[in-house]
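Asker: Sequence first, then the predicted structure:
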Amino acid sequence: MAFFSFLLARRMCWPAASRGWRAFTTSEGSRPVIVHKRSLDILHDPWFNKGTAFPITERDRLDLRGLLPPNVMTPQQQIDRFMLDMKRFQVNARDGPSDPNSLAKWRVLNRLHDRNETMFYKVLIDNIEEYAPIVYTPTVGLVCQNYSGLFRRPRGMYFSAADRGEMMSMVYNWPAEQVDMIVVTDGSRILGLGDLGVHGIGIAIGKLDLYVAAAGINPQRVLPIMIDVGTNNEKLLKDPLYLGLQQHRLDGEDYLAVIDEFMEAVFTRWPRVIVQFEDFQSKWALKLLQRYRNTYRMFNVDVQGTAGVAIAGLLGAVRAQGRSMIDFPRQKIVVAGAGSAGIGVVNAARKTMARMLGNNDSAFESAGRQFWVVDAEGLITDERPNIDANTLSFARKAREMDRLGLREGSSLIEVVKKVKPDVLLGLSAVGGLFSKEVLEALKDSTSTRPAIFPMSNPTKNAECTPEEAFSILGEQIIFASGSPFKDVDLGNGKIGHCNQGNNMYLFPGIGLGTLLSGARVISDGMLQAAAECLAAYMKEEDVLNGIIYPPISSIREITQEVATAVIREAVAQYLAEGRPGMDTRDLERLDKEETRKYVKKNMWKADYPTLVYETV
């Protein structure tokens with residue numbers, strides 16, 4: 001595919017309150033774009049194809065006259081036609097036991113994505129509440145499980161163990177001269193579905209669809225990447241139709257060598273790119289984060305993004321009890337799950353508590369006593385043999401547990417009965433873990449309004465359903481899950497609100513804020529600012545009614561607020577290095593409202609650009 005270039009070399013200027021400043025901009029949507037192809041080549045290129053919306057002047061300019069029906073459609077007419085077809089298809093589609101329509105919807109949307117990216121994102125943005133669960137969780141899990149059979153058109157890049165020594169040259173095979181956002185996975189822990197090998201590319205694609213729809217990152221500047229180091233999934237190893245390397249996963253130094261080479265390659269070609277690590281197994285997630293976070297602009301959404309959304313929910317739960325968020329350090333929290341997501345949440349929550357308590361060693365130690373972490377072997381204490389280093393700081397002292405009547409390996413139900421927690425947080429990927437007995441035990445919580453957070457994805461891995469929680473514990477609980485559930489009708493006009501603690505509330509804003517600030521790294525402070533912004537977003541009336549997360553339909557507005565908070569924190573921490581047209585000093589002079597306008601101006605919109613043909 002020929003490299004593309006843009007007609008305008010100079011950046012557009014946007015007026016600030018008292019001066020002019022230029023947006024480097026993540027979008028090129030309103031600008032004429034030079035293309036080096038025409039005729040059928042344009043119609044077959046999803047980046048530039050407009051289908052029946054090509055105006056007559058462009059049809060003549062690009063040799064399209066006669067290749068399309070003569071009636072020029074508006075973009076809205078195109079969308080109306082697509083939606084009508086989608087609704088018809090849904091009536092008859094049957095594609096899976098758990099949700100007969102979800103995979104069929106994904107196929108229809110994916111075909112649209114293949115032929116017309118702008119229209120695909122317009123449909124997604126305008127119908128985000130309906131289609132986010134299709135392009136992302138929970139349907140993306142089903143897509144990844146069946147990816148070899150669904151694969152039609154390559155999307156993104158694949159770096160494998162067989163490419164060692166070649167990655168620095170391979171990265172130049174991608175046609176975009178500028179890439180702002182990469183989502184990369186090694187497929188080792190896709191959602192709660194385990195090792196899916198090369199099929200994991202589906203999660204990277206879905207995540208970047210949300211970066212475009214929610215954050216307005218230019219779709220021509222995003223890149224999904226799969227690092228294939230093999231798989232330990234025996235079913236895939238024996239499947240003759242599997243698309244990936246049919247060898248067991250690399251480990252140790254061999255594994256690190258592949259990831260190191262990949263990171264060096266992408267940052268050599270695109271020094272200012274942001275890399276989001278996605279669905280790496282717990283064994284590597286924290287190690288890779290620690291290995292790269294102070295050198296590259298990267299973060300791990302499972303460790304840091306999920307943690308931020310959980311913290312926002314935890315702070316919201318405190319508000320729902322009619323208390324101030326400053327009371328958060330008094331919450332007793334039982335955490336089911338000690339993987340990368342679970343430990344990431346506990347780490348972040350502990351730091352939040354410690355900062356509220358004075359941000360010193362004593363505050364940090366005090367905050368640690370608010371958590372009880374339970375894994376598959378039960379309560380984790382300092383008597384646990386061969387305890388993982390990342391988990392060690394959250395191991396309870398066995399001597400202290402004796403006084404509570406608990407011991408190393410105590411079951412979840414025993415811990416809930418003895419601790420009487422304010423919050424029961426699930427990040428175990430074990431569906432149904434919060435059994436009737438566990439929920440019954442939570443009735444003795446010392447909180448007047450206990451919070452239940454079954455955060456594991458996809459839906460089948462949720463620790464409990466909202467129906468189970470509300471039927472056992474009544475209307476006063478705060479409920480938030482990782483996957484979407486419908487609200488529960490409690491009768492007598494009362495509703496049990498099912499909040500979705502989805503990390504899509506945060507990661508698009510974190511990525512966009514980092515991009516627009518030019519921050520050299522993504523700090524804990526920037527992540528904390530994002531979480532606190534989300535926690536404060538909801539109105540008091542909604543929070544007191546048990547609604548602690550906003551509707552997905554307002555995701556672009558939420559992302560704008562989160563990105564604003566991230567930029568301002570990056571500036572405050574002297575991490576911001578600015579962008580062309582908005583240097584560090586310009587960022588420092590922006591107040592909050594001007595920063596918000598700066599963010600909004602740089603969010604890509606799904607509008608067709610004017611195309612101009614130029615011979616190579």
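Answerer: That came in fine, so what should we check first? Residues are numbered from 1 along each chain as shown.
Asker: care to break the chain down by domain?
Answerer: Domain ranges of the chain: 2-49, 75-296, 305-504, 518-601, per automatic domain parsing.
Asker: In a markdown table: these, plus distance to residue 511.
Answerer: All C-beta atoms are positioned from the backbone trio N, CA, C, and that covers glycine. Shown next, in a markdown table, are these (distance: least, C-beta to C-beta, whole Å):
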| stretch | distance to residue 511 |
| --- | --- |
| domain 2-49 | 10 |
| domain 75-296 | 6 |
| domain 305-504 | 10 |
| domain 518-601 | 8 |
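Asker: Can you show me the strands along the stretch 301-450 of the chain?
Answerer: 333-336, 371-375, 378-379, 423-426 (DSSP state E, counting those that start in this stretch).
Asker: So which of those is nearest residue 282?
Answerer: Nearest to residue 282 among these is strand 371-375 (10.5 Å), distances taken as C-beta to C-beta.
Asker: tell me the contacts of residue 178?
Answerer: Residues near residue 178 by C-beta atoms under 8 Å, 6 or more residues apart in numbering: 221, 270.
Asker: nearest to residue 607, of the domains of the chain?
Answerer: domain 2-49 (4.7 Å).
Asker: shouldn't residue 460 be in contact with residue 432?
Answerer: No - here residue 460 lies out of contact with residue 432, judged by C-beta atoms under 8 Å, at a distance of 9.2 Å.
Asker: which neighbours do those two share?
Answerer: With C-beta under 8 Å, 6+ apart, residue 460 and residue 432 have no common neighbours.
Asker: circling back: switch the strands of the stretch 301-450 of the chain over to JSON lines; also include mean pLDDT and distance to residue 509.
Answerer: JSON lines is the format used below for those (pLDDT from 0 to 100; distance: least, C-beta to C-beta, whole Å):
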{"stretch": "strand 333-336", "mean pLDDT": "97", "distance to residue 509": "25"}
{"stretch": "strand 371-375", "mean pLDDT": "96", "distance to residue 509": "27"}
{"stretch": "strand 378-379", "mean pLDDT": "97", "distance to residue 509": "35"}
{"stretch": "strand 423-426", "mean pLDDT": "96", "distance to residue 509": "23"}
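Asker: between those strands, which one is nearest to residue 361?
Answerer: Closest among those, using C-beta to C-beta: strand 371-375, at 17.2 Å.
Asker: The closest one: partners in the sheet, and parallel or antiparallel?
Answerer: strand 333-336 (parallel), strand 378-379 (antiparallel) (DSSP bridges).
Asker: The longest one: which residues count as buried?
Answerer: It stands for strand 333-336. 333-336 (16 or more other C-beta atoms under 10 Å).
Asker: how about JSON lines for the strands of the stretch 301-450 of the chain, with distance to residue 355 added?
Answerer: Shown next, in JSON lines, are the strands of the stretch 301-450 of the chain (distance: least, C-beta to C-beta, whole Å):
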{"stretch": "strand 333-336", "distance to residue 355": "16"}
{"stretch": "strand 371-375", "distance to residue 355": "16"}
{"stretch": "strand 378-379", "distance to residue 355": "27"}
{"stretch": "strand 423-426", "distance to residue 355": "19"}
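Asker: Relative to residue 608, which of those strands is closest?
Answerer: Using C-beta to C-beta, the strands of the stretch 301-450 of the chain put strand 423-426 closest to residue 608, at 44.3 Å.
Asker: Name the strands paired with that closest one and say parallel or antiparallel.
Answerer: strand 333-336 (parallel), strand 451-454 (parallel).
Asker: Can you name the residues that contact the nearest residue to residue 190 once chain neighbours are set aside?
Answerer: Once flanking residues are discounted, residue 190 sits nearest to residue 196: 4.5 Å by C-beta to C-beta, 6 or more residues apart in numbering. By C-beta under 8 Å, 6+ apart, residue 196 lies in contact with 144-145, 147, 187, 190, 231, 233, 236.
Asker: can you give me the helices in the stretch 201-350 of the chain?
Answerer: 201-215, 234-237, 252-269, 282-292, 306-320, 340-356 (DSSP state H, counting those that start in this stretch).
Asker: Report the mean per-residue pLDDT for the second one.
Answerer: Here the mean pLDDT over helix 234-237 is 93, rounded to a whole number.
Asker: what are the C-alpha coordinates of that helix, in CSV please?
Answerer: What follows is helix 234-237, C-alpha atoms only, in CSV (Å, rounded to 0.1, in the frame of the first residue of the first chain):
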residue,chain,number,x,y,z
GLU,A,234,-3.0,-27.7,23.8
LYS,A,235,-6.2,-27.4,21.8
LEU,A,236,-4.6,-24.7,19.6
LEU,A,237,-1.3,-26.5,19.3
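Asker: what comes up buried for it?
Answerer: By 16+ other C-beta under 10 Å, the buried positions in helix 234-237 come out as 236-237.
Asker: So what's the gap between that helix and the chain middle?
Answerer: Centroid separation for helix 234-237 versus its chain: 28 Å, with C-alpha atoms, centre = their mean, to the nearest Å.
Asker: Turn the strands paired with strand 371-375 into JSON lines, including distance to residue 483.
Answerer: Output for the strands paired with strand 371-375, formatted as JSON lines (distance: least, C-beta to C-beta, whole Å):
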{"stretch": "strand 333-336", "distance to residue 483": "16"}
{"stretch": "strand 378-379", "distance to residue 483": "26"}
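Asker: Which one of the ones you listed lies nearest to residue 517?
Answerer: strand 333-336 (31.8 Å).
Asker: circling back to that earlier point, and of the helices of the stretch 201-350 of the chain, who's closest to residue 539?
Answerer: Judging the helices of the stretch 201-350 of the chain by C-beta to C-beta, what sits closest to residue 539 is helix 306-320, at 10.3 Å.
Asker: Would you mind measuring the gap between the ends of stretch 211-228?
Answerer: End-to-end distance for stretch 211-228, by C-alpha to C-alpha, to the nearest Å: 23 Å.
Asker: Stretch 184-192 too?
Answerer: Stretch 184-192: ends 17 Å apart by C-alpha to C-alpha.
Asker: chain center to that stretch, what's the gap?
Answerer: For stretch 184-192, the distance to the chain centre is 13 Å (C-alpha atoms, centre = their mean).
Asker: quick one: furthest residue from the center of this protein?
Answerer: What lies farthest from the middle of the chain is residue 66; by C-alpha atoms, centre = their mean that is 43.0 Å.
Asker: quick one, what contacts that residue?
Answerer: Contacts of residue 66 by C-beta under 8 Å, 6+ apart: none found.
Asker: And what about it, helix, strand or coil?
Answerer: coil (DSSP: H, G, I helix; E, B strand; the rest coil).
Asker: Next one, pLDDT for residue 465 please.
Answerer: 96.
Asker: How about the one 3 residues further on?
Answerer: Model confidence at residue 468, expressed as pLDDT, equals 97.
Asker: and if you look at residue 95?
Answerer: Confidence score, pLDDT, at residue 95: 39.
Asker: Equivalent analysis for residue 20, please.
Answerer: 38.
Asker: Check residue 263 too.
Answerer: For residue 263, the predicted pLDDT is 98.
Asker: Residue 531 is in contact with residue 308, isn't it?
Answerer: Yes - counting by C-beta under 8 Å, residue 531 does reach residue 308; the two are 3.9 Å apart.
Asker: Hey, what's the angle from the biggest strand by length in the chain to helix 252-269? Just curious.
Answerer: Longest strand in the chain, counting residues (DSSP state E): strand 222-228. Put simply, strand 222-228 runs at 160 degrees to helix 252-269, going by axes from the mean of the first three to the mean of the last three C-alpha atoms, to 10 degrees.
Asker: Just checking: what are the partner strands of strand 222-228?
Answerer: Strand pairing (DSSP bridges) places strand 222-228 next to strand 157-160 (parallel), strand 181-185 (parallel).
Asker: and those strands, which is most packed in?
Answerer: Comparing the strands paired with strand 222-228 by mean neighbour count (mean count of other C-beta atoms under 10 Å), strand 181-185 ranks first with a mean of 27.
Asker: and the angle from that strand to helix 201-215?
Answerer: Using the same axes, to 10 degrees, the interaxial angle of strand 181-185 with respect to helix 201-215 works out to 150 degrees.
Asker: No further questions, thank you.
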